[in-house]
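1. I need the structure of the sequence given here:
(one chain, ligands or ions: 1)
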Amino acid sequence: MDTILKAEHVVKIFDTQKKSSTKAVDDVSFELRKGEVLGIVGESGSGKSTIARMITGLIPITSGEISVKDVQKKNKRQLYDKVQMVFQNPVGSFNPRKTLGYGIGESLKNKGINKDVIDKRVGELLNLCGLEKEYAKKYPHEVSGGQCQRAAIARALAIEPEILICDEATSALDVTVQKQIMELLIKLKKEKELSVIFICHNLALVQMFCDRVIVMCNGKMVESGTADEVINNPKDDYTKNLIDSVYC
Ligand SMILES: Nc1ncnc2c1ncn2[C@@H]1O[C@H](COP(=O)(O)OP(=O)(O)OP(=O)(O)O)[C@@H](O)[C@H]1O
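-> Purely as a prediction, here's the structure:
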């Protein structure tokens, strides 16, 4: 499988005050292959979201490098077209005064695409994500959390990115809806060859749906491998504890 994203010796230091700083990510290297779902797990504060924010260019990298295939260094426009992100709180991520359809089509409008084409595309995107096209007329507060997360995924897919980063995107949803959203991501991976980075606390979901997993602890990557290897046969003590705390 082709490598689509490569992180090499990535470090992120946050300077909180003059005398104190936090090494949120410490010498992390990994790669994402085309059409795979890569899970990132680890306790709260272990650096998972910081990795996601560096990949999308929301925050700068202190040292090391993250390269995305066919994206020139520091070209934010190219990066935005290739990498999209979905967050934990779908309702809050939409403008409450605008319809879901408006939110889904906004990036296309910004590209100068005409309204009829956008409306058609929004309907297709909603269908792809398991919602009827009538949902385009609804407001974020008029739909369930799971439906809103589907709409958020539709919005992220509007400009046909190759990489989707889901940062705790299922965490606020109940278990059945979490599984449905994961099944949608797997469908998109198969149909669109989408590569997904799935940041999640739920190891059972990660084992079920991710191809490979990396485990973060205090900013360091302590283990990586296939989901089955890491979860059924963890080598690192931290991973063992993480798994025991969930399954015991
Ligand atoms: N903007 C910031 N300024 C200072 N410190 C930060 C900032 N953002 C994150 N940190 C710190 O970096 C570390 C890693 O945070 P991060 O949000 O990446 O963890 P996480 O693994 O995603 O946690 P969670 O699972 O709770 O979302 C934490 O110690 C956090 O307090």
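
2. start and end of stretch 43-60, how far apart?
-> 23 Å (CA to CA, to the nearest Å).

3. tally of neighbours for residue 227?
-> 20 (other CB atoms under 10 Å). Yep, even glycine has a C-beta here, placed from its N, CA and C like the rest.

4. now do the contacts for it.
-> 39, 206, 207, 210, 211, 212, 213 (CB atoms under 8 Å, 6 or more residues apart in numbering).

5. could you dump those residues to CSV with pLDDT, neighbour count and distance to residue 76?
-> Shown next, in CSV, are the contacts of residue 227 (pLDDT from 0 to 100; neighbours: other CB atoms under 10 Å; distance: CB to CB, whole Å):
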residue, pLDDT, neighbour count, distance to residue 76
39, 96, 27, 27
206, 90, 23, 30
207, 89, 18, 35
210, 94, 28, 28
211, 94, 18, 29
212, 96, 19, 28
213, 96, 25, 29
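
6. which of these lies closest to residue 221?
-> Using CB to CB, residue 213 comes nearest to residue 221 of the contacts of residue 227, at 10.5 Å.

7. quick one: what helix or strand has that closest one in it?
-> Assigning secondary structure by DSSP states H and E places residue 213 in strand 212-217.

8. ok, residue 177 next?
-> Per DSSP H and E: helix 175-192 holds residue 177.

9. pull that helix out as PDB, backbone CA atoms only.
-> Extracted in PDB, the C-alpha atoms of helix 175-192 (Å, rounded to 0.1, in the frame of the first residue of the first chain):
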ATOM      1  CA  VAL A 175     -22.400   2.600  21.500                       C
ATOM      2  CA  THR A 176     -24.800   1.600  18.700                       C
ATOM      3  CA  VAL A 177     -24.400   4.900  16.900                       C
ATOM      4  CA  GLN A 178     -20.600   4.700  17.400                       C
ATOM      5  CA  LYS A 179     -20.600   1.400  15.500                       C
ATOM      6  CA  GLN A 180     -22.800   2.900  12.800                       C
ATOM      7  CA  ILE A 181     -20.400   5.800  12.300                       C
ATOM      8  CA  MET A 182     -17.400   3.400  12.200                       C
ATOM      9  CA  GLU A 183     -19.200   1.200   9.600                       C
ATOM     10  CA  LEU A 184     -19.700   4.400   7.500                       C
ATOM     11  CA  LEU A 185     -16.000   5.200   7.700                       C
ATOM     12  CA  ILE A 186     -15.200   1.600   6.700                       C
ATOM     13  CA  LYS A 187     -17.600   1.900   3.700                       C
ATOM     14  CA  LEU A 188     -15.900   5.200   2.700                       C
ATOM     15  CA  LYS A 189     -12.400   3.600   3.100                       C
ATOM     16  CA  LYS A 190     -13.500   0.800   0.700                       C
ATOM     17  CA  GLU A 191     -15.500   2.900  -1.800                       C
ATOM     18  CA  LYS A 192     -13.400   6.000  -1.900                       C
END
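
10. following it, which helix or strand comes up?
-> Going down the chain from helix 175-192, the next helix or strand is strand 195-199, by DSSP H and E.

11. who in the chain is up against the ligand?
-> 14, 16, 22, 24, 42, 44, 45, 46, 47, 48, 49, 50 (CB under 6 Å from any ligand atom).

12. out of these, which are inside strands?
-> Counting by DSSP state E, the residues of the chain next to the ligand place 14, 22, 24, 42 in strands.

13. ok, of those residues, which come out buried?
-> Buried by 16 or more other CB atoms under 10 Å: 24, 42, out of these.

14. what's the farthest-apart pair in the ones in strands among the residues of the chain next to the ligand?
-> Maximum pairwise distance among those (CB to CB): 17.1 Å, between 14 and 42.

15. what's the strand or helix carrying residue 204 in contact with?
-> Assigned by DSSP H and E, residue 204 belongs to helix 203-209. Residues from elsewhere that reach helix 203-209, judged by CB under 8 Å, 6+ apart: 37, 39, 41, 170, 178-179, 182, 185-186, 198, 200, 213, 227-228, 231, 242-243, 246-247.
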